[in-house]
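Coordinates only, no sequence provided:
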């Protein structure tokens, strides 16, 4: 259970980073 929760948290963080990168590139155009 702990490892599943950790994996889900990491996925959420990775998704947040990806979304931030996309938003940054949109703003710069």
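Great, that's in hand. This structure is a prediction, so every number in the text was calculated from the model and none was measured.

Distance check, residue 25 against residue 16.
Residue 25 sits 15 Å away from residue 16, taking CB to CB, to the nearest Å as the criterion. From N, CA and C alone the C-beta is placed, and that goes for glycine too.

pLDDT score assigned to residue 1?
On the pLDDT scale, residue 1 is placed at 54.

now swap in the one 3 residues further on and tell me
Among the per-residue scores, residue 4 shows a pLDDT of 79.

Can you classify it as helix, strand or coil?
Three-state call for residue 4 (DSSP: H, G, I helix; E, B strand; the rest coil): helix.

tally of neighbours for it?
Neighbourhood size, residue 4 [other CB atoms under 10 Å]: 8.

same thing with the one 3 residues further on?
The number of residues packed around residue 7, counting by other CB under 10 Å, is 10.

Then residue 16?
10.

any low-confidence regions in this structure?
Filtered on pLDDT under 70, the chain yields the residue ranges 1-2.
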